[in-house]
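# Dropping the sequence and predicted coords here.
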Amino acid sequence: MFENLYSLEFSEDRAEDIEYMVSAEGEMVDLGKNLKARGHVEEWLDNLEKTMVKSLKRDMKKGYTKYFAKPRKEWVLKHPTQIAITIGMVNWSLNTEDVFLNSDNLQEGMQDWYQVSA
């Protein structure tokens with residue numbers, strides 16, 4: 001799930017506070033507040049992993065609600081790649097299924113789908 005995790009960004013004020021996870025491309029995902037790298041390493045790494053999952057779910061929900069509010073090309077550039085790819089795949093699948101199930105003319109339906117999805 002996190003194979004492209006390159007580094008963690010720590011707070012400048014408090015060295016044990018973890019603020020962001022950073023990909024190899026430099027994309028940053030906010031991990032929220034109160035995530036600390038202190039105590040037993042097994043415990044804070046477990047908390048880190050749980051927080052990473054929660055943060056991606058949170059950003060996925062935000063990204064999905066904003067997906068329909070902006071042009072797709074603009075939307076993609078404003079979200080981390082993992083979020084953009086996942087939401088894009090979900091919408092691609094939903095829209096494709098909709099064309100097959102609800103189009104009277106499949107060829108026209110696919111052409112309309114292509115204009116929206118490409």
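Arrived safely, thanks for sending. Numbers count the residues shown, from 1 in each chain.
# Check the gap between V90 and Q107 for me.
Spatial separation of V90 from Q107 under the definition Cβ to Cβ, to the nearest Å is 25 Å. Glycine gets a C-beta too; all of them are placed from N, C-alpha and C.
# hang on, Y6 is in a strand, isn't it?
Yes. Note on Y6: a strand contains this position according to DSSP: H, G, I helix; E, B strand; the rest coil.
# So between V90 and Q107, which is more surrounded?
Regarding V90 and Q107, a neighbour count based on other Cβ atoms under 10 Å identifies V90 as having more, with 13 against 8.
# what helix or strand does the more buried one sit in?
Assessed by DSSP states H and E, V90 sits inside helix 81-102.
# what's the distance between that helix and the middle of its chain?
Helix 81-102 has its average C-alpha position 14 Å from the chain's average C-alpha position, going by Cα atoms, centre = their mean, to the nearest Å.
# same deal with stretch 95-113?
On Cα atoms, centre = their mean, the centre of stretch 95-113 falls 27 Å from the chain's centre.
# Send me that stretch as PDB with only the CA atoms.
Output for stretch 95-113, consisting of C-alpha atoms alone and laid out as PDB, is shown next (Å, rounded to 0.1, in the frame of the first residue of the first chain):
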ATOM      1  CA  ASN A  95     -19.400   5.400 -16.100                       C
ATOM      2  CA  THR A  96     -18.500   2.500 -18.400                       C
ATOM      3  CA  GLU A  97     -21.000   0.200 -16.700                       C
ATOM      4  CA  ASP A  98     -23.600   3.000 -17.000                       C
ATOM      5  CA  VAL A  99     -23.100   3.200 -20.700                       C
ATOM      6  CA  PHE A 100     -23.500  -0.600 -21.200                       C
ATOM      7  CA  LEU A 101     -26.600  -0.800 -19.000                       C
ATOM      8  CA  ASN A 102     -28.400   2.400 -20.000                       C
ATOM      9  CA  SER A 103     -27.500   3.400 -23.500                       C
ATOM     10  CA  ASP A 104     -30.100   2.800 -26.300                       C
ATOM     11  CA  ASN A 105     -27.300   3.300 -28.800                       C
ATOM     12  CA  LEU A 106     -24.100   1.800 -27.500                       C
ATOM     13  CA  GLN A 107     -21.900   3.500 -30.100                       C
ATOM     14  CA  GLU A 108     -23.200   7.000 -29.300                       C
ATOM     15  CA  GLY A 109     -23.100   6.200 -25.600                       C
ATOM     16  CA  MET A 110     -19.400   5.200 -25.800                       C
ATOM     17  CA  GLN A 111     -18.600   8.300 -27.800                       C
ATOM     18  CA  ASP A 112     -20.300  10.500 -25.200                       C
ATOM     19  CA  TRP A 113     -18.400   8.500 -22.500                       C
END
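# That'll do, ta.
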